[in-house]
Structures are given as C-alpha cells and as structure tokens.
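**Q** okay, structure incoming, though there's no sequence with it:
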C-alpha cells in the first residue's frame, strides 16, 4: 500500500466530510518517479470545531502516527477546516527552493 493510501486510511479516524490528499513530491528536490515524500492534506471535519489551528494540526499528526518519519513522509502541509469554514478550496502550496529545474 502506498504512503498516500496509508495516509488516506489513517485520516479516516478524523471522520472527514471532505478529504483530499495531494502528492507534491514532484515539486521538491531529489524527486524521482514514484517517490512519496511531500503531501498536502485538505481535511474538513466537525472534529475541528472550537479548536485552534495548532490543535487541528496536532490531531492530523496524531492520526498520521508512524507515517511522518525518516524515509517516509518528509513534509505534510495541513489545511484543516470545520465544515462552516470550508469554502471549497485551499491555498496553493509555495514553490520549493530545491525543486527540480527545467
């Protein structure tokens, strides 16, 4: 099972109403086809109600236990929303300074 699939499975514990996982590995240094190291997670769940941003991130990291580790997920961009906050899209990720040059 790929890291992306494992992450998808583990985040189901947060009861998402919406969950999108984007593999952004290709935009980072050291990328090769099939590499999984950088992900962006957009998650909408009522579990985040009343929580500060850092608390929401802590819940996501706790759900991803074991995956954010050396040799696995190197970076995880988290966009966590309550259903009432979700506007249908998350901000774009910044470009990596070590991204492959064309």
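**A** Looks like it came in fine. Here the structure is a predicted model, which means the values were calculated and not measured.

**Q** when you work out contacts or count neighbours from here on, use the C-alpha atoms and nothing else.
**A** Fine.

**Q** pLDDT wise, what is the closest residue to residue 57 other than its chain neighbours at?
**A** Nearest in space to residue 57, with sequence neighbours left out and distances taken as Cα to Cα, 6 or more residues apart in numbering, is residue 78 at 6.7 Å. pLDDT for residue 78: 96.

**Q** paired strands for the host helix or strand of residue 78, with orientation please.
**A** Here residue 78 sits within strand 75-81, counting by DSSP states H and E. Next to strand 75-81 in the sheet, as set by DSSP bridges, lie strand 38-44 (parallel).

**Q** contacts for the strand it pairs with next, please.
**A** Contacts with strand 38-44, where a contact means Cα atoms under 8 Å, 6 or more residues apart in numbering, come from 16-25, 28, 73-83, 86, 90.

**Q** could you flag which of those residues are buried?
**A** 16, 19, 21, 23-25, 28, 73, 76, 78-83, 86 (16 or more other Cα atoms under 10 Å).

**Q** center of the protein, which residue is that?
**A** residue 41 (2.7 Å; Cα atoms, centre = their mean).
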